[in-house]
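Undergrad: Okay, structure incoming, though there's no sequence with it:
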């Protein structure tokens with residue numbers, strides 16, 4: 001019987017190794033798998049390469065992971081913003097390596113890894129520092145830059161609900177990088193708010209099939225005073 005449900009976050013993250021490339025879903029703060037990031041911090045893996053849309057906000061989520069000093073490199077599109085002081089301090093002091101990737105390229109490089117594409121030509125970045133050292137080619141009168149896939153050893157993603165086979169559905173913009181990251185990693189761990197029985201998820205609504213998911217773990221949804229939701233402490 002296939003049952004990918006892990007009873008705890010710690011068990012869901014078992015086997016993450018030092019030096020791993022970790023794909024972390026989320027766009028800004030939407031869809032960030034906060035409980036899984038906290039679990040990775042407790043796990044203690046070091047020398048990580050983190051791939052995310054940005055370099056963290058304030059002192060939580062990806063920023064909290066960076067703050068531990070266990071991340072060697074971050075690959076992202078938006079490293080600096082008004083509350084990116086953790087990244088700023090680490091990068092300016094030479095303690096963190098940065099690979100800056102335009103957001104469309106980031107998504108496509110991850111998608112290419114899951115689709116088995118060896119490399120692809122993209123016009124974004126041609127003639128800029130981002131193309132430095134990369135192969136370029138003119139195709140039909142337009143200049144392109146050769147980009148390579150971003151593979152993950154681990155993907156940490158957040159979904160709305162899942163079943164024991166690992167099928168996932170998302171909530172609105174929280175979906176963002178989740179589907180492409182799930183397909184691009186050797187080990188994909190998804191946090192979900194609800195675990196449904198087999199057959200309860202509408203097949204037309206399943207965005208990430210269970211074949212791409214290794215483990216799922218249920219996390220609580222805690223109401224805030226404003227009527228929204230936040231992760232449990």
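TA: Sure, I can see it. Note that this is a predicted model, so its numbers are computed, not measured.
Undergrad: For this structure, which segments count as strands?
TA: For the chain, the strands defined by DSSP state E occupy 21-24, 48-51, 71-76, 97-100, 120-122, 136-139, 142-147, 152-163, 168-169, 185-196, 215-218, 221-223, 229-231.
Undergrad: To residue 58, which of those strands lies closest?
TA: strand 229-231 (13.3 Å; CB to CB). For every residue, glycine as well, the C-beta is placed using N, CA and C.
Undergrad: what is the rounded mean pLDDT of that closest one?
TA: What strand 229-231 shows for mean pLDDT is 48.
Undergrad: Quick one: distance of the longest helix along the chain to the chain centre.
TA: Secondary structure of the chain per DSSP state H: the longest helix is helix 103-115. Counting by CA atoms, centre = their mean, to the nearest Å, helix 103-115 is centred 12 Å from the centre of its parent chain.
Undergrad: ok so, going back, go through the strands of the chain and name the closest to residue 14.
TA: Judging the strands of the chain by CB to CB, what sits closest to residue 14 is strand 215-218, at 8.6 Å.
Undergrad: and the longest helix of the chain, what other elements does it pack with?
TA: strand 120-122, strand 142-147, helix 178-184 (3 or more CB pairs under 8 Å, 6 or more residues apart in numbering; DSSP states H and E).
Undergrad: tally of neighbours for residue 51?
TA: 27 (other CB atoms under 10 Å).
Undergrad: low-confidence ranges in the chain?
TA: 223-233 (pLDDT under 70).
Undergrad: What residue in it is the furthest from its centre?
TA: Centroid-distance maximum for the chain: residue 141 at 35.1 Å, with CA atoms, centre = their mean.
Undergrad: mind checking how far that residue is from residue 105?
TA: According to CB to CB, to the nearest Å, residue 141 stands 21 Å off from residue 105.
Undergrad: do residue 119 as well
TA: In terms of CB to CB, residue 119 sits 12 Å off from residue 105.
Undergrad: residues shared between the contacts of the two?
TA: residue 147 (CB atoms under 8 Å, 6 or more residues apart in numbering).
Undergrad: ok, those two, which is more surrounded?
TA: residue 105 (19 against 12).
Undergrad: Which residue, other than its chain neighbours, is closest to the more buried one?
TA: residue 124 (5.4 Å; CB to CB, 6 or more residues apart in numbering).
Undergrad: Thank you, goodbye.
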